[in-house]
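Chemist: Structure for the following, please:
(one chain, ligands or ions: 3)
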Amino acid sequence: MTQTLTITRPDDWHLHLRDGALMASVLPHTAREFARAIVMPNLKPPVSTVELAAAYRGRILAARPTGSDFEPLMTLYLTDALTPAEIVRAKESGFVHAVKLYPAGATTNSEAGVAGLDVVMPALEKMAELGLPFLVHGEVADPAVDVFDREAAFIERVMAPLLQRLPTLRVVFEHITTRQAAEFVLGAGDNVAATVTPQHLLLNRNALFQGGIRPHHYCLPVLKREEHRRALVNAVTSGSRKFFLGTDSAPHAQHTKEAACGCAGIYSAHAALAFYAEAFEAAGALGRLEAFASFNGPDFYRLPRNRGTVTLVKDSWTVPAAYPFGEHQVVPLRAGEALAWRLAD
Ligand SMILES: NC(=O)N[C@@H](CC(=O)O)C(=O)O
Ligand SMILES: [Zn+2]
Ligand SMILES: [Zn+2]
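Modeler: Ligands and ions are numbered 1, 2, ... in the order given. The predicted structure is shown next:
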């Protein structure tokens, strides 16, 4: 008998869809598996106003495959120019669900991000007042800090002081990668949660150098030691409601990753649920996948849980070497390798 797993339709709480023809190439993968996704605003130029978010949302809706009811949940890119009045407009829009922090210089398309939080404190205070979540790329950009320590340093230098100053601010620590971040989130109030990617549950930093340099395993925050991967697996399988699914699927054209200075970002939307199922199964915790994928996120965002279900089948298949990406190609996670789980048709 083939093993199957049926869960409530899940959502992806951290996703990069890009724009234009690139978006049209990758959106079907996400729309097949997920009912909704929190769409990251790090376009060029960034999605920094409600008006830009409305236009981007319209382009995503127009690019949906025929018959798809996929719902993009929009976010605003935090710049020094974001005002409390714009936060009010965001909250009232009904389609902007969060504001995203990119520390300037920390990751892909973060040039327009903020150097510090002092300038934007009035906007953050308004978010705390209105309950609008603050999504955080939690790494310091300080070049003096070792790249593997930038998340832990962020907790001490930015996250902890921020929550001292605004204790009711609703914060999602995005794509956490360390034991320190998992412990911080577990020890914080109910207003603090985290997303976890498939790659940080499945891989440690050895995967960056497996037989040679592996650009398709490079993302930010960078993969960490095995000790940290284990801490993340323990956190997501612990039964805590603070952790939820966020793939951080971040497609880049093949030639921009296989380069002297390759881009950061791993594409996982083609098989997101299969990756998570593999990680939860390895931990003997498949029964906890549904809460992580389908309940904890909407509960935190104060949105209804989805109706309907998806079914995963334990039936091995081989991931293609590449998928079309506009005029280019994107190399997906596990390209050319076998995966144990697949989504039922
Ligand atoms: N995670 C990544 O390595 N890259 C993301 C940006 C981000 O989420 O930090 C991207 O937009 O490519
Ligand atoms: Zn990020
Ligand atoms: Zn991301």
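Chemist: Share the number of residues neighbouring residue 303, please.
Modeler: Residue 303: 14 surrounding residues under other C-beta atoms under 10 Å. C-beta coordinates here come from the backbone N, C-alpha and C atoms, glycine included.
Chemist: And the pLDDT at it?
Modeler: Looking at residue 303, its pLDDT reads 98.
Chemist: Put the alpha carbons of stretch 335-345 into PDB.
Modeler: The C-alpha coordinates for stretch 335-345 follow below in PDB (Å, rounded to 0.1, in the frame of the first residue of the first chain):
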ATOM      1  CA  ALA A 335      17.800  19.100  -9.300                       C
ATOM      2  CA  GLY A 336      18.200  15.800 -11.000                       C
ATOM      3  CA  GLU A 337      17.800  13.900  -7.800                       C
ATOM      4  CA  ALA A 338      15.000  11.700  -6.400                       C
ATOM      5  CA  LEU A 339      12.400  12.900  -3.900                       C
ATOM      6  CA  ALA A 340      10.300  10.500  -1.800                       C
ATOM      7  CA  TRP A 341       7.100  12.500  -1.600                       C
ATOM      8  CA  ARG A 342       4.900  14.100  -4.300                       C
ATOM      9  CA  LEU A 343       1.700  16.000  -4.300                       C
ATOM     10  CA  ALA A 344      -1.300  13.800  -5.500                       C
ATOM     11  CA  ASP A 345      -2.700  15.100  -8.800                       C
END
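Chemist: Quick check: residue 184 vs ligand 1, distance?
Modeler: According to C-beta to the nearest ligand atom, to the nearest Å, residue 184 and ligand 1 sit 19 Å apart.
Chemist: quick check, that residue in a helix?
Modeler: Yes. Looking at residue 184 with DSSP: H, G, I helix; E, B strand; the rest coil, it is inside a helix.
Chemist: Distance check, the nearest residue to it once chain neighbours are set aside against ligand 2.
Modeler: Closest residue in space to residue 184, ignoring its immediate chain neighbours: residue 155 at 5.2 Å, by C-beta to C-beta, 6 or more residues apart in numbering. For residue 155, the distance to ligand 2 (C-beta to the ion, to the nearest Å) stands at 15 Å.
Chemist: Please consider this matter closed, and thank you.
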